[in-house]
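Undergrad: Return a 3D structure for these sequence lines:
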Amino acid sequence: MTSTAGLARETGAGLPHVAIYTDGSAAPTNPGPGGYGVLLIRGRLRQEFFGGYRHTTNNRMELMAAIVALETLEEPSEVMLFSDSKYLVDSMEKGRARRWQARGWRCSKGPAKNADLWIRLLLLCLIHDVTFAWIRGHAGNRDNERCDELAGLGRTLPDLPLDTGYPNSDESKVPFDGQPCPVCLTPVAIEMRHRSKWKHKILSKPATLLYCVTCNVRYEVQSEIRLAARP
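TA: Take a look at the predicted model:
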């Protein structure tokens, strides 16, 4: 279960249960015309959603499918979200997206891609208690294959809109002290770390972090200039 569901957990154990299947694709080329498909299952109620964009990528459509699904929910819910995208599932369940967030949307290879969509998804996971589960695509799961069909319908819709976040999705920088967190908009505050993260040894020079209490994320301060208070 993702650790981003702090606010959802505070609401108590009586959250409604929702199962969600999602899929996204760009075809016949990637990048190219893209679509997403969503299947929501609440008890006996099954709802389908699909849409698309004129020019985008497969990974962006996988993310968009999850975003559209969670934005559809009218109240905080306990969600099991199934996807055949390891990019989506592993980034959420293994904490990669939160690490990119803490580093100002940078990873070991440079800027983390699709920051605009990760921000939207992380915020939704503060509202809902979401578990992301990977399922193998095209392996006979009827709900997954239905989402694949819906994604295909989405990318063939007439007059598809532009994906304004591709190819230049906005990078969300590490905030200054007192500025809002890029995900939840809670003002961040300076926090000093006097012990190392892994071995808990006392640091010769305390590390300076910016802490968001809502996301429970500590942004890594890259420059002393980030400690300046907001004008």
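Undergrad: quick one: pLDDT of residue 223?
TA: The per-residue pLDDT reported for residue 223 equals 49.
Undergrad: could you say what helices and strands whichever helix or strand residue 87 is part of packs with?
TA: Using DSSP states H and E, residue 87 falls within helix 86-93. With contacts taken as 3 or more C-beta pairs under 8 Å, 6 or more residues apart in numbering; DSSP states H and E, helix 86-93 sits against helix 58-72, helix 115-127, strand 129-134. Using the backbone N, CA and C atoms, a C-beta is placed for each residue, glycine as well.
Undergrad: how big is the angle separating that helix from strand 129-134?
TA: Put simply, helix 86-93 runs at 140 degrees to strand 129-134, going by axes from the mean of the first three to the mean of the last three C-alpha atoms, to 10 degrees.
Undergrad: Chain neighbours aside, what residue packs nearest to residue 157?
TA: Excluding its sequence neighbours, the residue lying closest to residue 157 (C-beta to C-beta, 6 or more residues apart in numbering) is residue 52, at 5.5 Å.
Undergrad: Would you check that that neighbour makes contact with residue 27?
TA: No. Contact criterion C-beta atoms under 8 Å: residue 52 and residue 27 do not qualify, at 10.4 Å.
Undergrad: Which one of these two is surrounded by more residues?
TA: Remark: of residue 52 and residue 27, residue 52 carries more neighbours, 25 against 15, as counted by other C-beta atoms under 10 Å.
Undergrad: got the buried residues for stretch 40-47?
TA: Going by neighbour count (16 or more other C-beta atoms under 10 Å), the buried part of stretch 40-47 is 40, 41.
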